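Structure for the following, please:
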Amino acid sequence: KECHQRQRHLRPNVVQALLEGVSLSQPQPKIPSELIKFLGKTYNAWHISIPLLESHVMLFPTEIRCFDALAELYHLLGEDDNLFGLWKRRARFP
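Residues are numbered from 1 along each chain as shown. Okay, the predicted model is just below:
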């Protein structure tokens, strides 16, 4: 919606608050990793979406989509050391 687009640069915005609530819930619901990646990039929620995707990688090690979404966020942030570690972990789970 337009109201979410206008406040996406403010902190905290609605999407950041929703992602924070999802990350704190137990058990953690399974949200598509592409959606988490999109919300993290678009609504400036890097600090919430990366730990959320990291937990998804630990919970679902056979899902390649989680690895790909997390790798793209690491690449966009310039976190090469984390990206290489993620690829090393992905090589163990074909």
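
For the residue nearest the centre of the chain, which residues are in contact?
The centroid of the chain falls nearest to residue 49 when counting by C-alpha atoms, centre = their mean (3.2 Å). Residue 49 makes contact with 19, 36, 37, 39, 40, 73, according to C-beta atoms under 8 Å, 6 or more residues apart in numbering. (C-beta placed from N, C-alpha, C; glycine too.)

Could you report the distance from the second one to residue 27?
In this structure, residue 36 and residue 27 are separated by 16 Å, where distance is defined by C-beta to C-beta, to the nearest Å.

Which of those two has more residues huddled nearby?
Between residue 36 and residue 27, residue 36 has the larger neighbour count (other C-beta atoms under 10 Å), namely 24 against 6.

Quick one: mean pLDDT for the helix or strand hosting that one?
In this assignment (DSSP states H and E), residue 36 forms part of helix 33-42. When pLDDT is averaged along helix 33-42, the result is 92.

Could you give the average pLDDT over the next helix or strand after that helix?
As assigned by DSSP H and E, the chain's next helix or strand after helix 33-42 is helix 46-59. For helix 46-59, mean pLDDT is 91.

Give me the phi and psi for residue 17.
Main-chain dihedrals, residue 17, degrees, to the nearest 10: phi -70, psi -40.

Report the separation between it and residue 43.
Taking C-beta to C-beta, one finds residue 17 at 10 Å from residue 43.
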